[in-house]
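Undergrad: Sequence and predicted model, in that order:
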Amino acid sequence: MIIDTIDKQMIYLSNVPEQLSELIFNGFKNKFTAKLFKDSTAKDIAYLLAKYVSSSKKEQLIIARQDDEICGCLFYSDDQDHSLYELIKKEYSGFMKIKVFLFFLVLEHRPVKNETYVEFLVGSDQHRRRGVGTQLIQKCKDIAITKKVTLYVAANNTSAIDLYQKNDFRTQIVQNSMLSGKIINNKKWYFMTWENLK
């Protein structure tokens, strides 16, 4: 298995947005479809996000590849870029635009100076428990230009919490959000951090 940024692996892959879109949709299906979207709309949003991160933000997208198949990905940010919202404005209109904005707003975190924030980490069902998540996290730590890597994880996502704890992330804050409880059925969140002590 090869773990690297997508811009270094693109030459070996075909149909990148489609593969990423499927990973993102499957990884976040419960959040997408909890209250706001039907499956078909959620798939469209996952595809839009996959196109965005694989073209506009490819230096911040780390993928795990087995031959020609993407089996996991991690997307991180270290700035307060708002270009995704500009893309949403172009792609959607009316009430749907408001719903898509609201969905991403609930999940948004704006990293501060010297913080690398893991926006999402997803793996394929076929490669679960094979170390893909750990390898993606390690690559993120290796290439992060900041001393601190952070993330939010839903309190009920115990397998993800275990993964992050095994990779030296520690819970810094426990937060409750009525809005995220209403929209994506996850009210309680852990803000976890890893600090480079070297």
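TA: Received the coordinates, thanks.
Undergrad: Contact partners for Ser21?
TA: By Cβ atoms under 8 Å, 6 or more residues apart in numbering, Ser21 lies in contact with 43, 46-47, 49-51. Every C-beta, even on glycine, is put in place using the N, C-alpha and C of the backbone.
Undergrad: same thing but at 7 Å, please
TA: Shown in contact with Ser21 (Cβ atoms under 7 Å, 6 or more residues apart in numbering): 46-47, 50.
Undergrad: Let me know the pLDDT of Leu107.
TA: pLDDT recorded at Leu107 is 84.
Undergrad: can you count the residues close to it?
TA: 17 (other Cβ atoms under 10 Å).
Undergrad: mind checking how far it is from Asp68?
TA: Separation of Leu107 from Asp68 (Cβ to Cβ, to the nearest Å): 30 Å.
Undergrad: same check, this time on Asn26
TA: Asn26 sits at a distance of 19 Å from Asp68 (criterion: Cβ to Cβ).
Undergrad: ok so, going back, and which of the contacts of Ser21 is nearest Val112?
TA: Using Cβ to Cβ, Ala50 is the member of those that lies nearest Val112, at 27.1 Å.
Undergrad: Let me see the backbone angles for that closest one.
TA: Main-chain torsions, Ala50, degrees, to the nearest 10: phi -60, psi -40.
Undergrad: count of neighbours near it?
TA: Around Ala50 there are 24 other residues, counting by other Cβ under 10 Å.
Undergrad: show me the residues around it that make contact.
TA: Ala50 touches 17, 20-21, 24, counting by Cβ under 7 Å, 6+ apart.
Undergrad: cool, Ser180 as well?
TA: Contacts for Ser180 (Cβ under 7 Å, 6+ apart) come out as 106, 186-187.
Undergrad: Which helix or which strand is home to it?
TA: Ser180 is part of helix 178-184, with elements assigned from DSSP states H and E.
Undergrad: so the residue nearest to Val122 when sequence neighbours are not counted is in which element?
TA: Take Val122 and drop its neighbours on the chain: the residue closest to it by Cβ to Cβ, 6 or more residues apart in numbering is Gly27, 3.2 Å away. Assigned by DSSP H and E, Gly27 falls within helix 16-33.
Undergrad: Tell me the buried residues in that helix?
TA: Residues of helix 16-33 classed as buried: 16-17, 19-25, 27-28, 31-33 (neighbour count, 16 or more other Cβ atoms under 10 Å).
Undergrad: Identify the farthest-apart pair in those.
TA: Applying Cβ to Cβ across the buried residues of helix 16-33, the maximum distance is between Val16 and Thr33, 24.0 Å.
Undergrad: low-confidence ranges in this structure?
TA: Applying pLDDT under 70 to the chain flags residues 11-12, 34, 198.
Undergrad: try 50
TA: Judged by pLDDT under 50, the chain has no weakly predicted residues.
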